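# can you look at this prediction? I've put the sequence above it.
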Amino acid sequence: MMIFAAVLSVLLAIVALAAGLPKVRLTGDIPAQLQAGGLSATLVRFIGLAELAAAGGLITGLFWPPIGIAAAAGFALLLIGAVGFHAKAGDYADAKTRGGAMAPIVLTVVAGAVLAVTA
């Protein structure tokens, strides 16, 4: 079971790192779309920092499980906020944006799986 938790944690950390870096640097399409959706540059950077912290916590959690549990829980909460943002923006109703908006839902399930097998 620990191998499964480690694999999920590493995959989730890679996703968090890939999602957080552009937001912190405010480069690419996603930060621009978030700002166009009403979020300030400061908030986008804060979200990116939270994602980077989650990535670090998930990797650290491989060696100290309480940190990994906290990181997975925090990342799940952040992702629930992302689902709410997408729902408010109407992304689930639009066929063009639905695919990208599903990512936070899937990642929330993965974060929940990390919590379930680690705790």
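Nice, thanks for sending it over.
# need the residues that contact the helix or strand bottoming out on mean pLDDT in the chain.
Here the helix or strand of the chain ranked lowest by mean pLDDT, DSSP states H and E is helix 95-101, holding a mean of 88. Helix 95-101 has contacts (Cβ atoms under 8 Å, 6 or more residues apart in numbering) with 83, 86, 89, 90, 91, 92. For every residue, glycine as well, the C-beta is placed using N, CA and C.
# now for the last one, how many residues are close by?
Look at residue 92: counted by other Cβ atoms under 10 Å, it has 14 neighbours.
# what separates it from residue 54, distance-wise?
Between residue 92 and residue 54 the distance is 24 Å, computed by Cβ to Cβ, to the nearest Å.
# can you give me the helices in the protein?
2-25, 29-36, 41-60, 65-89, 95-101, 103-118 (DSSP state H).
# redo those as TSV? Include mean neighbour count.
Shown next, in TSV, are these (neighbours: other Cβ atoms under 10 Å):
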stretch	mean neighbour count
helix 2-25	18
helix 29-36	14
helix 41-60	19
helix 65-89	18
helix 95-101	12
helix 103-118	18
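# thanks a lot, see you next time.
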